[in-house]
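Novice: how would this look folded up:
(chains A and B)
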Protein chains: 2
Amino acid sequence: MERILSKQNNKVKAWAKLATKKGRLEQKTYLLDGWHLVQEAINAKAKFHAIMATEEQMQEHLADVPHGVPAFEISKEVAAHIAGSKTPQGIFAEVTLPEKTFNPSYVHDGLWLFLDAIQDPGNVGTLVRTADAAGFKGVVLGTGTADLYAPKVVRAMQGSNFHLEVLQGDLNDWIAAFKENDLPVYGSELNEEAKPYQDIHGLSAGALIVGNEGQGLNPELAKQTTANLYIPLLGSAESLNVAVAGGVLMFRLSLGN
Amino acid sequence: MERILSKQNNKVKAWAKLATKKGRLEQKTYLLDGWHLVQEAINAKAKFHAIMATEEQMQEHLADVPHGVPAFEISKEVAAHIAGSKTPQGIFAEVTLPEKTFNPSYVHDGLWLFLDAIQDPGNVGTLVRTADAAGFKGVVLGTGTADLYAPKVVRAMQGSNFHLEVLQGDLNDWIAAFKENDLPVYGSELNEEAKPYQDIHGLSAGALIVGNEGQGLNPELAKQTTANLYIPLLGSAESLNVAVAGGVLMFRLSLGN
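Specialist: The predicted structure is shown next:
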């Protein structure tokens, strides 16, 4: 097995570039950091380009890695450089960036979450993880939303991107297709012109849109929905964190009580 | 007004130390970063030690600051140093660290959130903000929970610490006092020995405990509860983010439908 001890190594430079969108698009791969995510990718039969691990992590996990995947032993310094953090676990995988084309006209069932310009990578990842937990079928990241394969998004998703459809797209197209297929689309708003979310009971198919952290849902999208929902705020807080609001709404829609 | 342009200034050094628990305990103050939080503190009649702002922010906001508060004009470099971030808004307040003593035996009403060893400051702050939004009366930060006045906690609370009781305490004492006063205490667990959370309808008084991000609720605390609740996970995610789970449970308890 090749051992890589220097941050100047060309492979290390290429892996570090996967922290940027430009690097991911050029190399058509993204990075998984930590054994939990690597294992999720193995279970999902993702296409592996490389496994990189410190001596200790390699000994612990090499037997579980698919045969034929190029494996590289890296120093702790190199691991920290690739991770962009001081104390990574020390095991990584470089996997193929999914290039999905998905026509929303073909959707006839399941619950979908649409993200309108969610900027914080932690919020995006947590919303995908929560959609998975709430039994949603897919998540669509609309324009202005943090990049799906940015390291902080990937970390916060905790592998949920391997469990449900996660796509990037124009929400105008998705809303139009859902309406064409008679699937309801619910926006979420803070104003009381919207309906209280408790009015909606268990739903088997349709979409929920959550909007930008500061601006809320784009008014142009809010106009196109079946209805807009709000969560009554009982105390003095002006708003909820978008991932918390999304969680409250998603579990209401999916569990229905 | 005194102008401070150097990071070496002793006042600047003291403000920067408020990022640490040691610094806060020594100086008995903490730091608010950004006009929104400063304004919340003004509305709550917090005790101000100082207002620090860049020239631009001072011009915009000085008229709204209580009379008699020492005001310091700071350079952008000093602002970034105090904030510990590159692009702070540029207005800060140093306010008195509340020293609350609160005897749980006196609690006879309202909903309370207990945090058991929640480590991530963003989660702690988001949980306090969500408890506020859900109409809770107070939040108790148990042993092992991130410090209430750490900068990232303060930022994520978005001023909710001025709206409801936020205390640090031993959850064993709080659970015992609630039980003594016939108030129910619900734990949250991931195992299915717990009750589905939908079994609980609107509650006017009692407590909800949420547990550590990785370990869940401390089993010693879980034993002492009235009942433990779980959120059914419908997809393949192994767990929910603790702030999302707390939000789903709190709105269920407070809105009751």
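Novice: who's the closest spatial neighbour of A:L240, skipping the chain neighbours?
Specialist: B:A133 (5.3 Å; CB to CB, 6 or more residues apart in numbering or on different chains). C-beta here means a position set from N, CA and C on the backbone, and glycine is covered the same way.
Novice: neighbours of the one you found, how many?
Specialist: By other CB atoms under 10 Å in any protein chain shown, the residues close to B:A133 number 29.
Novice: give the contact list for the closest residue to chain B within the stretch 51-200 of chain A.
Specialist: Of all residues in the stretch 51-200 of chain A, A:G135 sits closest to chain B, at 2.8 Å by CB to the nearest CB. A:G135 sits next to A:L111, A:S254, B:L234, B:G235 when contact means CB atoms under 8 Å, 6 or more residues apart in numbering or on different chains.
Novice: which residues of the stretch 151-257 of chain A fall in strands?
Specialist: In the stretch 151-257 of chain A, the strands defined using DSSP state E, counting those that start in this stretch lie at A:165-168, A:185-188, A:195-196, A:205-210, A:227-230.
Novice: that older thread, was I right to think the residue nearest to A:L240 contacts A:N241?
Specialist: No. Contact criterion CB atoms under 8 Å: B:A133 and A:N241 do not qualify, at 9.2 Å.
Novice: ok, back up a step: distance of the residue nearest to A:L240 relative to B:Y149?
Specialist: B:A133 sits 21 Å away from B:Y149, going by CB to CB, to the nearest Å.
Novice: up against chain B, what does chain A have?
Specialist: Contact residues (CB under 8 Å from any CB of the partner chain) of chain A with chain B: A:122, A:126, A:129-136, A:156, A:158, A:160, A:163-164, A:198, A:231-241, A:243-248, A:251, A:254-255, A:257.
Novice: ChimeraX command for the buried members of these?
Specialist: Buried subset of the residues of chain A next to chain B, written as a ChimeraX selection, criterion 16 or more other CB atoms under 10 Å in any protein chain shown:
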select /A:122,126,129,130,131,132,133,134,135,136,156,158,160,163,164,231,233,234,235,237,239,240,241,243,244,245,246,247,248,251,254,255
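Novice: so which of the residues of chain A next to chain B are in helices?
Specialist: Residues of those located in helices (DSSP state H): A:122, A:126, A:129-133, A:156, A:243-248, A:251, A:254-255.
Novice: what residues are up against A:L249?
Specialist: The contact partners of A:L249, taken as CB under 8 Å, 6+ apart, are A:Y186, A:S188, A:Y197, A:L208, A:V210, A:L229, A:I231.
Novice: shouldn't the fourth one be in contact with A:F251?
Specialist: Just to be clear, that refers to A:L208. No. Using CB under 8 Å as the test, A:L208 is too far from A:F251 to be in contact (10.9 Å).
Novice: any regions of the stretch 51-200 of chain A where pLDDT drops low?
Specialist: For the stretch 51-200 of chain A, residues meeting the criterion pLDDT under 70 lie at A:192.
Novice: got the strands of the stretch 151-257 of chain A as a markdown table, with mean neighbour count columns?
Specialist: Formatted as a markdown table, those follow (neighbours: other CB atoms under 10 Å in any protein chain shown):
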| stretch | mean neighbour count |
| --- | --- |
| strand A:165-168 | 18 |
| strand A:185-188 | 24 |
| strand A:195-196 | 14 |
| strand A:205-210 | 25 |
| strand A:227-230 | 18 |
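Novice: across the sheet, point out what pairs with the nearest residue to A:L183 once chain neighbours are set aside.
Specialist: Counting by CB to CB, 6+ apart, A:L183 lies nearest to A:G206, which is 4.9 Å off, once chain neighbours are set aside. Taking DSSP bridges, one finds A:L111 as the beta-bridge partners of A:G206.
Novice: touching, A:G206 and A:L111? I think so.
Specialist: Yes. Here A:G206 lies in contact with A:L111, judged by CB under 8 Å, at a distance of 6.3 Å.
Novice: which residues do those two both contact?
Specialist: Shared contacts of A:G206 and A:L111 (CB under 8 Å, 6+ apart): A:L253.
Novice: what sits against the nearest residue to A:H108 once chain neighbours are set aside?
Specialist: Leaving aside its sequence neighbours, A:H108 sits nearest to A:N181 (CB to CB, 6+ apart; 5.8 Å). A:N181 sits next to A:S105, A:V107, A:H108 when contact means CB under 8 Å, 6+ apart.
Novice: going along the chain, name the helices of the stretch 1-150 of chain A.
Specialist: All helices of the stretch 1-150 of chain A, identified by DSSP state H, counting those that start in this stretch, fall at A:10-17, A:21-27, A:35-43, A:55-61, A:76-83, A:121-133.
Novice: how far is stretch A:131-147 from where the chain is centred?
Specialist: 6 Å (CA atoms, centre = their mean, to the nearest Å).
Novice: looking at the helices of the stretch 1-150 of chain A, which is buried most?
Specialist: helix A:121-133 (a mean of 27; mean count of other CB atoms under 10 Å in any protein chain shown).
Novice: same for it, what does it pack against?
Specialist: Contact analysis of helix A:121-133 by 3 or more CB pairs under 8 Å, 6 or more residues apart in numbering or on different chains; DSSP states H and E lists strand A:110-115, strand A:138-141, helix A:151-157, helix A:242-255 as its packing neighbours.
Novice: make it 6 Å
Specialist: Here helix A:121-133 touches helix A:151-157, helix A:242-255, going by 3 or more CB pairs under 6 Å, 6 or more residues apart in numbering or on different chains; DSSP states H and E.
Novice: need these in JSON lines with distance to A:H49, can you?
Specialist: Compiled in JSON lines, those are given as follows (distance: least, CB to CB, whole Å):
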{"stretch": "helix A:151-157", "distance to A:H49": "15"}
{"stretch": "helix A:242-255", "distance to A:H49": "31"}
